[in-house]
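A.B. asks: What follows is a predicted protein model with its sequence.
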Amino acid sequence: MSEESKTIILTEAEIKKELGMVRELKNTLFDRFFLNFMSIIFLIMIALVMSQVVVRYLTAPLGITMHWSEEVARYIMIVVAFMGSAVAWRKRENISISMLIDMLPPRIKVPLDLFKDITILAFSLFCAYGAYSMSVKMQYSPLGALKIGKLGDIYLVLCFVFLLVAVYLVRWIIRGIIETKELFFSKQGTEKEGVNT
């Protein structure tokens with residue numbers, strides 16, 4: 001087989017690297033723990049929903065139900081969705097429309113990304129404060145049919161998730177400051193841009 005006829009198959013990571021789109025924070029021990037913890041919680045949610053369906057069909061004539069499992073699964077789904085947003089921020093995989101930003105030169109794009117991260121950091125801290133305030137206000141409110149836990153506990157988890165998003169954003173901001181510094185103040189940055197000083 002000749003070399004021209006060979007088909008080259010690239011993985012998504014290789015394509016992103018080739019296009020210069022690889023932007024991800026280093027994977028820390030906490031990140032791995034957090035992803036595994038999230039996976040376990042998600043599996044618990046699936047098991048609760050499946051067991052509720054099975055129990056409902058098998059014991060329908062007897063009237064036996066797991067009335068609490070639907071509510072627990074709902075709260076787990078809310079928590080997992082917010083935790084997923086934190087993971088998405090770590091990997092820069094949140095939904096965004098960046099077509100115009102991607103067309104800009106790095107000297108404009110990098111500072112705009114930095115400004116975006118700072119703005120979202122402020123919003124995330126505001127949401128964490130709001131979630132904490134609601135946690136304090138709802139610390140004695142029951143979770144519907146559940147006898148354990150209070151509604152304030154759910155808000156406290158959301159406060160933690162918003163703080164985690166803030167930590168990831170601080171890491172991205174530090175990286176953005178370093179990239180901006182290299183872009184504007186190093187000789188390599190000006191050569192990448194095509195401007196020789």
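C.D. replies: Noted; the coordinates are in hand. Quantities reported herein were computed from a predicted structural model and do not represent experimental measurements.
A.B. asks: helix or strand for S39, which one?
C.D. replies: helix 29-58 (DSSP states H and E).
A.B. asks: buried stuff in the following helix or strand past that helix?
C.D. replies: Where DSSP H and E defines the elements, the next helix or strand beyond helix 29-58 is helix 67-91. Residues 68-69, 72-73, 75-76, 79-80, 82-83, 85-87, 89-90 are the ones in helix 67-91 that count as buried (16 or more other C-beta atoms under 10 Å). In short, each C-beta sits where N, CA and C put it, glycine included.
A.B. asks: How about stretch 148-165?
C.D. replies: For stretch 148-165, by 16+ other C-beta under 10 Å, it's 150-165.
A.B. asks: Now do the contacts for I41.
C.D. replies: Contact analysis of I41 by C-beta atoms under 8 Å, 6 or more residues apart in numbering lists 76, 79-80, 83.
A.B. asks: 7 Å instead, please
C.D. replies: Applying C-beta atoms under 7 Å, 6 or more residues apart in numbering to I41 gives the contacts 76, 79-80.
A.B. asks: Figure out the helix or strand that K147 lives in.
C.D. replies: K147 belongs to no helix or strand, assigned by DSSP H and E.
A.B. asks: now swap in the one 5 residues further on and tell me
C.D. replies: Taking DSSP H and E as the definition, G152 sits inside helix 151-185.
A.B. asks: counting contacts, what elements does that helix pack onto?
C.D. replies: Helix 151-185 sits against helix 67-91, helix 106-137, helix 187-192, with contacts defined as 3 or more C-beta pairs under 7 Å, 6 or more residues apart in numbering; DSSP states H and E.
A.B. asks: residues near the closest residue to L104 other than its chain neighbours, how many?
C.D. replies: Closest residue to L104 apart from its sequence neighbours, by C-beta to C-beta, 6 or more residues apart in numbering: L112 at 7.1 Å. Residues within reach of L112, counting by other C-beta atoms under 10 Å, total 14.
A.B. asks: List just the nearest of the buried residues of helix 67-91 to Y140.
C.D. replies: Y75 (17.1 Å; C-beta to C-beta).
A.B. asks: Report the separation between the residue nearest to L104 and M66.
C.D. replies: 50 Å (C-beta to C-beta, to the nearest Å).
A.B. asks: Before I go, just wanted to say thanks for your time.
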